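Visitor: Give me a 3D structure for the following:
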Amino acid sequence: MHIRKIMTKTAAALLSAALAGLFTAAGYYSERLPDSVTSSFGDELKIAQYPEIKLCSGTVCGGSTATLSLFGAIPVKNIEVRQEEAPVFIAGGSPFGIKLLMEGVMVTGLGDVETAGGCAVCPAADAGLKTGDIVCSANGKTLTSNLQLQAIITRSSGNPIPLSVQRDGDSFDTVLNPVFSDKTQRWTGGMWVRDSIAGIGTMTFIDKSTGRFAGLGHPICDSDTGGMVPLHSGEAVPVDITDTKRGGRGIPGELHGRFSQGGSLGTLDTNTECGIFGQLSDAALGRFAAEGEEFRLGYRQDINTGKAQVYTTVNGDKPQKYDILIEKIDYNSEDESKNMMITITDPKLLEASGGIVQGMSGSPIIQNGRLIGAVTHVFVSDPSRGFAIFAENMAEHMIDGEYAGESK
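Guide: Numbers count the residues shown, from 1 in each chain. Below you'll find the model as predicted:
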């Protein structure tokens, strides 16, 4: 009798420990599973990275919610579900030149002005301006270039200049009081501004039905301030890659190229946290449609760690396929452009570039026959590794940009 009681208590303890372990595991998965997913009509909802996670039967309610469970037994997490047909895109991988005009002018630096009396003052700082601010108008005139602002200040004769400014998404008004520079012999505001930016990026995908395209996978930011560039207008132009500077530990590599003369791929109209977007010309769309390879969009739950391929161009004029490894997937990353951690494994790409280099951002990633993401960042300490964005994040912003473009 005594032995039976001991066995009963032991069995109960083991059962309790097992249940505790299962519920601890449930908490582990709950933190790592996505909060929401988009699923194609008719597709079984499953998380490729976690095959042990099952959809509880009968929990999809009008395509809005679902309950995921561990081994179909222990509920783990309720998630939002959107159902729509996954779009088909032409994969990119080709570099393109970026020419942007800003919406207003960006303050890139402040400096003291020495006046005739020997005093050093900074009118811009006195007006409350900071590096990274966007000056949208001066004296009631909308600004489109730094030369325009310079002319307004130079001709002010020292009279106060009302400014309209944006900072971190908020707007405010201030007044700039120019001073006369003893060095330049003209009225000045004590600040440096920028109205345009140029560079090289890689096209990620193209919607053949509309001509819309996406690139980079991260925002275009000012090199001096780090702030996202407010886009007034822009142009995508063909670029010839002349050579590739190999990356090394602590030294990022870079694609070197030149803009092709007299050519244009189309317009750029939207700069977002998930990349830059625009409209291809009919000629460019026809060329990409004839030469490119089409893939259905892969949603975040379709991705798993393991082998994949990146399409990119480090020499010549056409993208090549290279092997990579997806090391980690972060479904709920706070940074929309850092959803996956990747490693370049292809010996040819490692030999040519050392791994990920500047200008490669936007190179599309293919896994299991679906377009799942794009390269966005390199680890400076190890250029063979970096981050990538979910392609669906870019697709959502491209659709938004299309509608925004139609309403302009």
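
Visitor: CA only for contacts and neighbour counts going forward, please
Guide: Noted.

Visitor: how distant is stretch 194-207 from the center of its chain?
Guide: Relative to its chain's centre, stretch 194-207 lies at 12 Å (CA atoms, centre = their mean, to the nearest Å).

Visitor: same deal with stretch 205-225?
Guide: 8 Å.

Visitor: do you know how far the nearest residue to residue 301 once chain neighbours are set aside is from residue 299?
Guide: Distance criterion CA to CA, 6 or more residues apart in numbering; nearest residue to residue 301, sequence neighbours excluded, is residue 47 at 4.7 Å. From residue 47 over to residue 299 the distance is 10 Å, taken as CA to CA, to the nearest Å.

Visitor: for residue 74, same thing?
Guide: On the measure of CA to CA, residue 74 and residue 299 end up 25 Å apart.

Visitor: Look at those two and report which has more neighbours.
Guide: Set residue 74 next to residue 299 and count neighbours by other CA atoms under 10 Å: residue 299 wins out with 20 against 17.

Visitor: ok, the more buried one - contacts?
Guide: Residue 299 makes contact with 37-39, 372, 390-392, according to CA atoms under 8 Å, 6 or more residues apart in numbering.

Visitor: Among the residues you listed, find the lowest-pLDDT one for me.
Guide: For the contacts of residue 299, the model is least confident at residue 39; its pLDDT is 81.

Visitor: what number of residues lie near it?
Guide: Taking other CA under 10 Å as the criterion, the count of residues near residue 39 is 22.

Visitor: Distance check, it against residue 340.
Guide: The value you get for residue 39 to residue 340, if CA to CA is used, is 20 Å.

Visitor: Ok, residue 31 next?
Guide: The spacing between residue 31 and residue 340, counted by CA to CA, is 16 Å.

Visitor: and the two? which has more neighbours close in?
Guide: In this view residue 31 and residue 340 are compared by other CA under 10 Å, and residue 340 has more residues nearby, 24 against 13.

Visitor: Can you spell out which residues form a bridge with the more buried one?
Guide: Taking DSSP bridges, one obtains residue 329, residue 388 as the residues bridged to residue 340.

Visitor: Would you mind confirming that it makes contact with residue 325?
Guide: No: at 10.3 Å, residue 340 does not count as touching residue 325 under the criterion of CA atoms under 8 Å.

Visitor: Low-confidence stretches in the stretch 1-150 of the chain?
Guide: For the stretch 1-150 of the chain, applying pLDDT under 70 flags the ranges 1-27, 42, 56-63.

Visitor: Tell me, how many residues neighbour residue 228?
Guide: 17.

Visitor: quick one: contacts for the closest residue to residue 32 other than its chain neighbours?
Guide: Distance criterion CA to CA, 6+ apart; nearest residue to residue 32, sequence neighbours excluded, is residue 331 at 6.8 Å. Residue 331 sits next to 32-35, 300, 339 when contact means CA under 8 Å, 6+ apart.

Visitor: Of the residues you listed, just say which sits nearest to residue 272.
Guide: The shortest approach to residue 272 among the contacts of residue 331 belongs to residue 339, at 15.9 Å (CA to CA).
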